[in-house]
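> I would like to see how this sequence folds:
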Amino acid sequence: MIIHHPSRRRFACALAWAGVLVSAGGVVVTAATALTPASPSAGTLTLTQPTGDSSTTFKLTFGTPAAPQVCPGDGPAGYRWHTFITPLGNDPADFVYTQSGTPTGEPMFTNNLRDTAGVQVRTQIPGLDTFDVTPTQSLNFASVSLAALTPAPDTSVDYTIGIACTLVVAGKVETKKFWVASLKITHAAGAGPNNFTYVASEPNSPTSSSSSSSSSTSSTSSTTSATTTSTPTGSSTTTGSSTTTSSSTPSTPPFVTFPITFSGSGGSGGSGGTVANTGSSAAGWLVVWALLLLALGRMAVLLGRRPEDIVVGES
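Here you go, the predicted model:
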């Protein structure tokens, strides 16, 4: 339909351009959104050598979900990935990195992991167009720079190690996505150049969890009791005085998350839903804002043309 009335065309064109500006702002703001503190990890990591000492060579691989795992964007979009090691209790979602890719501002020892040549593993570029993170480096704890990990004799310290995707936003290198593993380091004289051993484990998976309890005893009646419950996504079994509960949700295929909310009271599955994803819902909003930007930009261009210049039947 062609709008011939000049004032109406000007008004419609102004609205279209306003929509263009809002959509462009949405793209920028969505891309710039950092993780909030205590955001969950995107998944877990495993060490190819889960136990060893400070001279043991290992590689990081993705645990749950399995590889391939991706950053929210590729190198030309400004994304990089880095490794980190930090005492358990620090929040990797809240990490800010230097321009060279080292985490800063965290209490106690926090730094990058190092390869077998002692080089910090940081400022790596995700796969072009695929956004893949490929942690192929051979790592160890032999560098003298990691000597600070060593606890006092006969003591242990728990650490979180991981990989983080980052993006520069307003001059800050912010965390956008991360994967983690747990590590216990124990002092042991002669255990490699830095005198410690390590034992690695995966943290709880973001898509499944399990817990167990045994010999549950009532504090008021001094008798053992057990309760069996079930949910649509999990089950529990009870044997004697031991109760084991497990729950899981299926791993999600690699699509983009759109934060879609469904209203109404029909069914018993709740009030919301999402499209399966491998990362943050910010990627879905980027697609939405980009499509709006294209559509409104097209409208603004057409409305800005004189009616006589528009060929009938032109889309």
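
> Show the average pLDDT along stretch 291-304.
Across stretch 291-304, pLDDT averages out at 69.

> go on, stretch 89-98?
94.

> quick one: contacts of that stretch?
If you take Cβ atoms under 8 Å, 6 or more residues apart in numbering as the criterion, stretch 89-98 is touched by 35-41, 82, 84, 86, 103-108, 110, 122, 160, 162, 164, 166, 172-175, 178, 180. (Each C-beta comes from the backbone N, C-alpha and C, glycine too.)

> Cross the residues you listed against strands and list the overlap.
Those of the contacts of stretch 89-98 mapping onto strands are 82, 84, 86, 103-104, 160, 162, 164, 166, 172-175, 178, 180, per DSSP state E.

> how much space is there between Q137 and M108?
24 Å (Cβ to Cβ, to the nearest Å).

> of these two, who's got more company?
Q137 (17 against 12; other Cβ atoms under 10 Å).

> In contact with the closest residue to that one other than its chain neighbours, which residues?
Distance criterion Cβ to Cβ, 6 or more residues apart in numbering; nearest residue to Q137, sequence neighbours excluded, is D115 at 4.8 Å. By Cβ under 8 Å, 6+ apart, the contact set of D115 is 121, 137-140.

> swap in M108?
By Cβ under 8 Å, 6+ apart, the neighbours of M108 are 86-87, 90.

> let's see it at 10 Å
Shown in contact with M108 (Cβ atoms under 10 Å, 6 or more residues apart in numbering): 86-87, 89-90, 148-149, 157, 159.

> Which pLDDT value goes with it?
Predicted confidence (pLDDT) for M108: 82.

> Would you mind measuring from it to Y159?
Going from M108 to Y159 by Cβ to Cβ gives 10 Å.

> Please apply the same query to A66.
In terms of Cβ to Cβ, A66 sits 23 Å off from Y159.

> More neighbours: those two, which one.
Y159 (23 against 12).

> partner residues bridging that one?
P87, L183 (DSSP bridges).
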